[in-house]
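[1] here are the coordinates; sequence isn't available:
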């Protein structure tokens, strides 16, 4: 009677080929992959270090102030700082993929420190004290004892950062100036016209963009 659910037919596989060409998918995939991997690595290294310093010194006024200062940044909407950000990145020469990696690392610091700090405070101090008795420095205590114990939090922060950097549209749009450095979300914007949207090719492109993260 025409009211049932049906899959589209015939399936036009050429939409994937069209999306591949129109978005210059290999280059966009490479750009997005480099930015995402770089952001995840830098985020895990920096956020865990900052959180460790704060978690073990929260009883001190300075560190407590830094902690709440970072948490306060969670309440600042990105559009408010968007225009100053564009000018700053341009002046500092950060309007490129490396600049995006730096920005993702910095802007993710607030939430990541909040996640890490609570977990680190649950790790017994006796582990560190035993290592210090054996002559381990603070640096060695962190990398050989604390960081391996942060596996669950590293996975959580890594996944959040990966999905954010991979799917983000607004920050690459306002920061990147080189068309050759555009990410997948920017490349997919080619399907949005002033009066119409090429949904068939666009959704093929969306499936291609989803595939690496799903895998």
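    Sure thing, it's come through. Note that the coordinates shown come from a computational prediction; the quantities given were computed from them, not determined experimentally.

[2] tell me the pLDDT at residue 16?
    Looking at residue 16, its pLDDT reads 87.

[3] contacts only, for it.
    204, 207, 208 (CB atoms under 8 Å, 6 or more residues apart in numbering). Any C-beta I mention is one placed from the backbone N, CA and C, and that applies to glycine too.

[4] do that again at 10 Å, thanks
    25, 201, 204, 205, 207, 208 (CB atoms under 10 Å, 6 or more residues apart in numbering).

[5] of these, which is the most crowded?
    Of all the contacts of residue 16, residue 205 has the most neighbours under the rule other CB atoms under 10 Å, reaching 25 neighbours.

[6] which element is that residue on?
    Take DSSP states H and E as the rule and residue 205 turns out to sit in helix 199-214.

[7] now that helix, how far from the centre of its chain.
    Helix 199-214 sits 19 Å away from the centroid of its parent chain (CA atoms, centre = their mean, to the nearest Å).

[8] change the start of the numbering to 15 and stick with it
    That works, and once the first residue is 15, the last one we named lands at helix 213-228.

[9] residue 187 - that's part of a helix, no?
    Yes - counting by DSSP: H, G, I helix; E, B strand; the rest coil, residue 187 is found in a helix.

[10] ok, back up a step: any chance you could list what contacts the helix holding residue 219?
    If you take CB under 10 Å, 6+ apart as the criterion, helix 213-228 is touched by 22, 26-37, 39, 42-43, 46-47, 50, 173, 176-177, 180-181, 197-199, 201-206, 212.

[11] so for it, mean pLDDT?
    Across helix 213-228, the average pLDDT comes to 88.

[12] please apply the same query to stretch 198-208.
    The average pLDDT for stretch 198-208 rounds to 80.

[13] stretch 85-99 now?
    Stretch 85-99 comes out at a mean pLDDT of 89.

[14] mind listing the strands for the protein?
    In the chain, no strands are defined using DSSP state E.

[15] longest helix of it, counting residues only.
    As assigned by DSSP state H, the longest helix anywhere in the chain is helix 39-69.

[16] need the contact list for the residue nearest to residue 67 when sequence neighbours are not counted.
    Nearest residue to residue 67, sequence neighbours excluded (CB to CB, 6 or more residues apart in numbering): residue 77, at 7.2 Å. Residue 77 is in contact with 67, 68, 69, 70, 71, counting by CB under 10 Å, 6+ apart.

[17] mind checking how far the fourth one is from residue 184?
    Right, the one you point to is residue 70. Here the distance between residue 70 and residue 184 works out to 36 Å (CB to CB, to the nearest Å).
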